[in-house]
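Peer 1: here's a sequence, model it:
(one chain, ligands or ions: 1)
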Amino acid sequence: MSTLLEFRNVSYWYKHENKQQDILRQVNVSFERGIFYTIVGPSGSGKTTFLALASALDLPKEGSVLYKGKDLKKIGLTTFRNKYVSIVFQAYNLLPYMTALQNVTTAMEITGSNHKNKMQYALKMLERVGISAEQARQRVLTLSGGQQQRVSIARALCCNADLIVADEPTGNLDETTAQEIVQLLQELAHHERKCVIVVTHDQSIAKQSDTTAKLSKGNLTITPKNNLITI
Ligand SMILES: Nc1ncnc2c1ncn2[C@@H]1O[C@H](COP(=O)(O)OP(=O)(O)OP(=O)(O)O)[C@@H](O)[C@H]1O
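Peer 2: Numbering: from 1, shown residues only. Here you go, the predicted model:
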């Protein structure tokens, strides 16, 4: 399997006055297409920081993050964010007064999608995640939390990136809806060969992933199913 995203000797820290708080210490890890990963770890261990580095919202203090072997700095952070990664947030981050459809087509415009009929493609992807044509024309504010998260996943799908990162995507959802969203993310990895990386506090989601990475005290421990590798 070929590596899609790689952290190479990545260190990251925050400075609080004169004190340095280490978040990642020389982390080496690779992520492949077709795999559903979860990142777990205690509150404050640096999971969100890790995702920020994986999605080029921030840069490592030392080391590099590579996409298909190329440093994100060389690709350009904005280009990477627009073309190669889709981010799903706990709070959905949709434009509340727009319809579900407009949210998706607007993102397609911003990220320079080359689909000829954006509206048709957006409707297809919304349907793919369980949003009907009728719901697609409702303002997102009138949709339930689970439906809004589906819209945000459809938005990620329409942008056509191979890498999907999600920060607590089920954090605001009830158990049944959360399970449906997890299944959707799993399908994206297994059927559409996306590389899906999800930060979660939920052990039951971690158990359903193909590989779990545990972040603790600056180190990342990877657990592929039935196998433990410490790096
Ligand atoms: N911009 C910042 N400036 C200084 N310190 C920060 C900043 N962002 C995060 N931190 C600190 O870095 C540590 C890791 O934060 P991060 O949000 O990545 O952890 P997390 O594992 O996602 O936490 P949680 O599970 O509670 O969301 C925390 O101690 C936090 O206080």
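
Peer 1: all strands in this structure, in order from the N-terminus.
Peer 2: Assigned by DSSP state E, the chain shows strands spanning 3-16, 19-32, 36-40, 62-67, 70-71, 85-88, 163-167, 195-199, 211-216, 219-224, 229-230.

Peer 1: among these, show me which one is buried the most.
Peer 2: Among those, strand 195-199 has the highest mean neighbour count (mean count of other C-beta atoms under 10 Å), at a mean of 27. For the C-beta atoms, the positions are set from N, CA and C on the backbone; glycine is no exception.

Peer 1: ok, back up a step: wait, which of the strands of the chain is closest to the ligand?
Peer 2: The ligand lies closest to strand 3-16 among these, at 3.6 Å (C-beta to the nearest ligand atom).

Peer 1: given that closest one, what are its sheet partners and their directions?
Peer 2: strand 19-32 (antiparallel), strand 62-67 (antiparallel) (DSSP bridges).

Peer 1: how about that strand and the ligand, touching?
Peer 2: Yes. Residues of strand 3-16 are located near the ligand by C-beta under 6 Å from any ligand atom, namely Tyr14.

Peer 1: and that strand, what's its mean pLDDT?
Peer 2: Per-residue pLDDT over strand 3-16 has a mean of 96.

Peer 1: and if you look at stretch 19-31?
Peer 2: For stretch 19-31, mean pLDDT is 95.

Peer 1: what residues are up against Arg128?
Peer 2: Ala154, Leu157 (C-beta atoms under 8 Å, 6 or more residues apart in numbering).
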